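Q: Attaching a predicted model along with its sequence, questions to come.
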Amino acid sequence: MSTRIAFLKGHGTENDFVIIPDPENVIDLPPAAVTTLCDRRAGIGGDGLLHVVRSAAHPEAQGMAAEAEWFMDYRNGDGSIAEMCGNGVRVFVRYLQHAGHVTEGDIAVATRGGVKTVHLAKDGDITVGMGKAILPEGDVTVSVGERSWPARNVNMGNPHAVAFVDDLAHAGNLFTPPSFSPASAYPDGVNAEFVADRGPRHVALRVHERGAGETRSCGTGACAVAVAAARRDGADPAVTGTPATYTVDVPGGRLVITVRPDGEIEMTGPAVIVAEGEIDADWWAASRR
């Protein structure tokens, strides 16, 4: 294998990613290397890493290869593997377009959370079919300092705890994980969203992403928030028979989330490729030690 490793940098509503194109899955990415690549001082910097692999070349995605040519092998900034990243999917598709692998229209992307359908529009926005939310039963509480809130347990292929608050500042410093109970609700950790109302079907959030700390945006989190808000507002599409669309402001921009009567969720937002280059071979070798 060549020691020349290309990379790109991209973001979706300022949720930023290191992108490593590796169609044949020949680049080894141990957690230590991912952590160093995502380090904002010692590496390239990002909330996570998008490893771009053909589905047929990756053992976790071979079963999806007939539906989706490309697999998003997503890693959190701490090197851990994640099931899904909504902003990451948009940036992943923007990279595929940038590299000439896809054009405008519908694109299937394999993820650990299943195959996602993505629509690349002429105006540049990208809409992701995020699938259906699962709402596990049982009460959940999240806490920051002396404050605690009831939270809605929503699974979007990854786990979320959605708490509605009066003031987003009450979430404190979200670089450290908020505590939650019961511990059995999230055995592998949780993404915690703190949500404040901004108007009719318009909310704002801050989020702690497990493995990354507070991030500027979280796509699956925005979807979880829309699901929780619709139920709180008596607008559950499964009950009303009418789609519910929420505008979700994140620190890095704005996403539009639609929950449909059949439970399917769509997320629309921007995605940008910022730069591309090549990783220094000596630095790369040292990062893997």
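A: Perfect, I can see it now. Numbers count the residues shown, from 1 in each chain.

Q: now the residue nearest the centre of the chain: how far from A286?
A: Nearest residue to the geometric centre of the chain (C-alpha atoms, centre = their mean): C85, 2.3 Å. Separation of C85 from A286 (C-beta to C-beta, to the nearest Å): 27 Å. No exception for glycine: its C-beta is placed from N, CA and C like everyone else's.

Q: so who does the residue nearest to the centre of the chain touch?
A: C85 sits next to 15, 48, 72, 74, 219-220 when contact means C-beta atoms under 8 Å, 6 or more residues apart in numbering.

Q: Any buried residues in the least confident helix or strand in the chain by mean pLDDT, and which?
A: Of all regular secondary-structure elements in the chain, judged by mean pLDDT, DSSP states H and E, the least confident is helix 281-287 with a mean of 88. For helix 281-287, burial by neighbour count (16 or more other C-beta atoms under 10 Å) applies to 284, 287.

Q: quick thing: my sequence starts at 780, can you match it?
A: Happy to do that; since the first residue is 780 now, the last one works out to helix 1060-1066.

Q: Quick one: residues in contact with it.
A: Taking C-beta under 8 Å, 6+ apart as the rule, helix 1060-1066 contacts 782-784, 811-812, 815-816, 822.

Q: among those, who's most crowded?
A: L816 (26 neighbours; other C-beta atoms under 10 Å).

Q: okay, now the domains of the chain?
A: For the chain, automatic domain parsing gives the domain ranges 784-904+1051-1066, 919-1047.

Q: Okay, now the longest one: how far is its last residue from its first?
A: Just to be clear, that refers to domain 784-904+1051-1066. 13 Å (C-alpha to C-alpha, to the nearest Å).

Q: In this protein, where is pLDDT below threshold?
A: 780-782 (pLDDT under 70).

Q: count of neighbours near V888?
A: Count around V888 with other C-beta under 10 Å applied: 26.

Q: Give me the three-state assignment for it.
A: strand (DSSP: H, G, I helix; E, B strand; the rest coil).

Q: all helices for the stretch 830-979 of the chain, in order.
A: Counting by DSSP state H, counting those that start in this stretch, one finds helices in the stretch 830-979 of the chain at the ranges 865-877.

Q: quick revisit: restricted to strands, list the contacts of helix 1060-1066.
A: I784 (DSSP state E).

Q: CA-only coordinates of stretch 817-831 in CSV, if you can.
A: Taking Å, rounded to 0.1, in the frame of the first residue of the first chain, the C-alpha atoms of stretch 817-831 are listed here in CSV:
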residue,chain,number,x,y,z
CYS,A,817,-9.5,14.5,14.6
ASP,A,818,-7.3,16.4,17.2
ARG,A,819,-7.7,20.2,16.5
ARG,A,820,-4.2,21.0,17.6
ALA,A,821,-2.1,18.0,16.8
GLY,A,822,-4.0,16.8,13.7
ILE,A,823,-6.4,17.9,11.0
GLY,A,824,-9.3,18.5,13.4
GLY,A,825,-12.9,17.2,13.3
ASP,A,826,-15.8,16.0,15.3
GLY,A,827,-15.5,12.7,13.6
LEU,A,828,-14.0,10.8,10.6
LEU,A,829,-15.7,9.7,7.4
HIS,A,830,-14.0,6.6,6.0
VAL,A,831,-15.3,6.3,2.4
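
Q: In that stretch, which of the residues would be classed as buried?
A: So stretch 817-831, judged by 16+ other C-beta under 10 Å, has buried residues 817, 822-823, 825-831.

Q: Taking those together, which two end up most distant?
A: The distance between the two most remote of these (C-beta to C-beta) is 18.2 Å, for G822 and V831.

Q: Dump the domains of the chain into a markdown table; add distance to I913 as well.
A: Below are these laid out as a markdown table (distance: least, C-beta to C-beta, whole Å):
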| stretch | distance to I913 |
| --- | --- |
| domain 784-904+1051-1066 | 11 |
| domain 919-1047 | 4 |
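
Q: which stretch among the ones you listed comes nearest K911?
A: That would be domain 919-1047 among these, by C-beta to C-beta, at 4.0 Å.

Q: got the buried residues of stretch 817-831 as a markdown table, with distance to A1054 columns?
A: Output for the buried residues of stretch 817-831, formatted as a markdown table (distance: C-beta to C-beta, whole Å):
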| residue | distance to A1054 |
| --- | --- |
| C817 | 15 |
| G822 | 14 |
| I823 | 9 |
| G825 | 12 |
| D826 | 16 |
| G827 | 17 |
| L828 | 15 |
| L829 | 14 |
| H830 | 18 |
| V831 | 16 |
